[in-house]
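Colleague: Give me a model of this one.
(one chain, ligands or ions: 2)
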Amino acid sequence: MAEHIPTRNANEIAKLKRAGEMSARILTEVAGFVRAGMTTAQVDAYAAELFAREKCGNAFHGYCGYPGHICISVNEVVVHGIGGDRVIQDGDIVSLDVGAIVDGWYGDNALTVPVGNVSESGRRLLAVTEEALYRGIAEAKQGNNLVDVCGAIEDYVKPFGFGIVRDYVGHGVGRRLHEEPPVPNFRPNDRMPHLKRGMILAIEPMITMGTYKVKVLDDKWTAVTRDGQPAAHFEHTVAVGSHGGEILTPRPRSALPEQLGITP
Ligand code: MF3
Ligand code: CO
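Modeller: Ligands and ions are numbered 1, 2, ... in the order given. Model (predicted):
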């Protein structure tokens, strides 16, 4: 079990929220910029401009040598896709992951955008992954155990037959990008900590159309599904509250889960 999980007071949470709002603003703007015909390098360059405009720190650029400004993960790329020559096509799904630093506090969030005409199964994958994130957030409340968050995501996704990535998990976030505890999207074997008010979690389901198994490409970052089928990724930074997680990276929910009748 995690050794030490920080709890943050109201003043600290207000600062985290500024970093979270910054992360959300940049993510939302980049998501609105993505079009078929662009390269992922163009998307990364646009994100770099936004970071410069906002004069905030970038949580990913240079992190363990990560070369991009954000992560741009197309179709079979699950996470950590680096902007490059790949041209985004009509029908692609593009996962975008953005982390900002404001006054030394970190925000981390992600979403997957459908580009043009995405297949029905692709849209379902997005809707289920987004809904899974909110199911997890609802359980991020004091008195619960972290396993309630993990289990809510697993239980929600399983009946759809999608894969739940195991090699990458969510995490605590705060003064660093990655703090305690790890936040898997499935019930782990080991015991999990009880949740206390003010713990900060980055909850980030990574869900695949086929196998949950992933491999990392020779660039040491790009994680792809082993069967080449697409994956989706949605993430928020939340503060454990009394009734559920308080979202520190606010953005509008997409209309997809409701449109597809995914929400009961
Ligand atoms: N949301 C991801 C994470 O928290 C993004 C990290 S990308 C990296 O692990 F470039 F910073 F590694
Ligand atoms: Co994260």
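Colleague: what residues does the protein put near ligand 1?
Modeller: 60, 63, 66, 71, 80, 97, 108, 110, 171, 177, 202, 204, 235 (C-beta under 6 Å from any ligand atom). C-betas here are computed from N, CA, C, even on glycine.
Colleague: The third one contacts Phe60, correct?
Modeller: Yes: with contacts defined as C-beta atoms under 8 Å, Tyr66 counts as touching Phe60 at a distance of 5.3 Å.
Colleague: neighbour-wise, which of those two wins?
Modeller: Phe60 (21 against 17; other C-beta atoms under 10 Å).
Colleague: Quickly note the distance from the more buried one to Ala48.
Modeller: The gap separating Phe60 from Ala48 is 11 Å, by C-beta to C-beta, to the nearest Å.
Colleague: Mind listing the shared neighbours of these two?
Modeller: Jointly contacting Phe60 and Ala48 under the rule C-beta atoms under 8 Å, 6 or more residues apart in numbering are His69.
Colleague: Secondary structure element for Pro181, which one?
Modeller: In the assignment (DSSP states H and E), Pro181 maps to strand 179-183.
Colleague: quick one: buried residues of that strand?
Modeller: Neighbour-count burial for strand 179-183 flags 179-181, 183 (criterion: 16 or more other C-beta atoms under 10 Å).
Colleague: again with stretch 209-221
Modeller: Across stretch 209-221, burial judged by 16+ other C-beta under 10 Å covers 209-210, 212, 214, 221.
Colleague: pretty sure His209 contacts Ala231?
Modeller: Not quite, residue 209 is Met, not His. Yes: Met209 is within contact range of Ala231, at 7.2 Å (criterion: C-beta under 8 Å).
Colleague: what residues are shared contacts of the two?
Modeller: 125, 163, 225.
Colleague: could you show me where the helices are in the stretch 1-150 of the chain, in order?
Modeller: All helices of the stretch 1-150 of the chain, identified by DSSP state H, counting those that start in this stretch, fall at 10-33, 40-54, 120-138, 146-157.
Colleague: could you give the mean pLDDT of the third one?
Modeller: For helix 120-138, the mean per-residue pLDDT is 98.
Colleague: and it with helix 146-157, angle?
Modeller: Taking axes from the mean of the first three to the mean of the last three C-alpha atoms, to 10 degrees, one finds helix 120-138 and helix 146-157 inclined to each other by 160 degrees.
Colleague: go on, the longest one?
Modeller: Relative orientation of helix 10-33 with respect to helix 146-157: 20 degrees, computed using the same axes, to 10 degrees.
Colleague: which one of the shared contacts of Met209 and Ala231 sits closest to Asn189?
Modeller: Nearest to Asn189 out of the shared contacts of Met209 and Ala231 is Gly163 (C-beta to C-beta; 18.6 Å).
Colleague: bridging residues for the closest residue to ligand 1 within the stretch 101-250 of the chain?
Modeller: Proximity of the stretch 101-250 of the chain to ligand 1 (C-beta to the nearest ligand atom) peaks at Asp108, 5.0 Å away. Per DSSP bridges, the residues bridged to Asp108 are Gly99.
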